[in-house]
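>>> structure here, sequence nowhere to be found:
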């Protein structure tokens, strides 16, 4: 049944002239930055932060700290269920990810970076903001529905194994998220020249389990001169499969986003120690000059989860359940 699903990719540059497409998930980090009176200044400042951080990590043969800049592409993935199965052949906007490209101004080369980075998904919004809430409504304790995340995980892996993915991208994705504020992280002796010091969590999280169903494993690293670890979700071997410049493109991009979105953790005035618990109520942090509406983002996640339920989950529930139950990599 794998053949019933095909994928279409759209690419748009994330630069100071970026305007979100009509069907862009507006909870997406970059779309939130690109609205309002400060939109162009927001975008310019964000891109400057990313370039500065990249050069601060890529110090070799870079005496003035201006050798590299990062170009970003927003990758929107539509999923098509065969017209004869679905009836109308319309596409559903499945996920949005971010692709980094590195410009080396010394050699005038454009180097491919990493795809993934930021990760947005309508079906994930549905799972966390609709299904999980409904399942726990009125219950004394918290529990997780049966097969939670299974359909989403299978859809994601179906996309990764598709000809469409292989035509556009040469390596598996790396998705980079914030650490969880309800876990404790312990510093290890392991250190990487670019990823930095490795941390290990005291327990697994629901997010980790959800991404595991997408086939992804996770490691936590705090890069040099960072104040908090980042969560790196990946396939294969994170340390061997990617070059230092590729890894730096992800770190510089996603750490800059996190400084804007979670300044209490990623723009804190003191760095994580041996034993670290992130705290979103931490007052000892600095704010960037970039405007971001965190409250709006939470509210829109529910709205977009309901959109996924109405437009995708409910109309094609039987097809999706049957496909997912029999899906084999």
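Alright, I've got the coordinates. No experiment lies behind these values; they were computed from the predicted model shown.
>>> which residues touch the nearest residue to residue 180 once chain neighbours are set aside?
Residue nearest to residue 180 in three dimensions, not counting chain neighbours: residue 205, with 5.1 Å by Cβ to Cβ, 6 or more residues apart in numbering. Just so you know, the C-beta spots here come from the backbone N, C-alpha and C atoms, and that holds for glycine as well. By Cβ atoms under 8 Å, 6 or more residues apart in numbering, residue 205 lies in contact with 180, 182, 183.
>>> the first one and residue 277, how far apart?
Same thing as residue 180. 10 Å (Cβ to Cβ, to the nearest Å).
>>> more neighbours: the two, which one.
It is residue 180, of residue 180 and residue 277, that has more neighbours when counted by other Cβ atoms under 10 Å, with 18 against 13.
>>> and residue 273, how many neighbours?
7.
>>> contact partners for it?
For residue 273, the contact set (Cβ under 8 Å, 6+ apart) comprises residue 187.
>>> separation between it and residue 186?
From residue 273 to residue 186 the distance is 10 Å (Cβ to Cβ).
>>> and residue 111, by the same measure?
In terms of Cβ to Cβ, residue 111 sits 35 Å off from residue 186.
>>> same question, residue 267
Taken as Cβ to Cβ, the span from residue 267 to residue 186 is 23 Å.
>>> the more surrounded of these two?
Using other Cβ under 10 Å as the criterion, residue 267 and residue 186 rank with residue 267 on top: 19 against 13.
>>> surely the more buried one and residue 261 touch.
No: assessed by Cβ atoms under 8 Å, residue 267 is found out of contact with residue 261, at 9.9 Å.
>>> and stretch 221-238, what's buried?
Within stretch 221-238, the residues that qualify as buried are 221-223, 226-235, 238, counting by 16 or more other Cβ atoms under 10 Å.
>>> before we move on, what about stretch 170-186?
Buried, per 16+ other Cβ under 10 Å, within stretch 170-186: 171, 172, 173, 174, 175, 176, 177, 178, 179, 180, 183, 185.
>>> inside strands: which ones of the residues you listed?
Among the buried residues of stretch 170-186, the ones falling in strands (DSSP state E) are 174, 175, 176, 177, 178, 185.
>>> residues touching the last one, list them.
Remark: with contacts taken as Cβ under 8 Å, 6+ apart, residue 185 is in contact with 179, 199, 200, 201, 202, 220, 229, 272, 275, 276, 277, 278.
>>> neighbour-wise, which one of those residues leads?
Highest neighbour count within the contacts of residue 185: residue 229, with 27 neighbours (other Cβ under 10 Å).
>>> roughly how far does that one sit from residue 67?
27 Å.
>>> ditto for residue 106
Distance of residue 106 to residue 67, computed by Cβ to Cβ: 5 Å.
>>> neighbour count: the two, which is higher?
Here residue 106 and residue 67 are compared on neighbour count by other Cβ under 10 Å; more neighbours surround residue 67, at 19 against 10.
>>> tell me the secondary structure for residue 301?
Of the three states, residue 301 takes helix according to DSSP: H, G, I helix; E, B strand; the rest coil.
>>> what about it, how many neighbours?
Neighbours of residue 301 using other Cβ under 10 Å come to 20.
>>> check residue 289 too.
With other Cβ under 10 Å as criterion, residue 289 counts 10.
>>> just use 471 as the starting number from now, easier for me
Shifting the count to begin at 471 puts that one at residue 759.
>>> residues in contact with the closest residue to residue 688 other than its chain neighbours?
Sequence neighbours aside, residue 703 is the residue nearest to residue 688 in space, at 5.0 Å (criterion: Cβ to Cβ, 6+ apart). By Cβ under 8 Å, 6+ apart, residue 703 lies in contact with 586, 644, 645, 646, 647, 681, 684, 686, 687, 688.
>>> with secondary structure, distance to residue 632 and pLDDT as extra columns, can I get the buried residues of stretch 691-708 in TSV?
TSV is the format used below for the buried residues of stretch 691-708 (DSSP: H, G, I helix; E, B strand; the rest coil; distance: Cβ to Cβ, whole Å; pLDDT from 0 to 100):
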residue	secondary structure	distance to residue 632	pLDDT
691	strand	30	98
692	strand	34	97
693	coil	32	97
696	coil	35	94
697	coil	38	93
698	coil	35	95
699	coil	32	96
700	strand	28	97
701	strand	26	97
702	strand	23	98
703	strand	19	98
704	strand	19	98
705	coil	15	96
708	helix	23	97
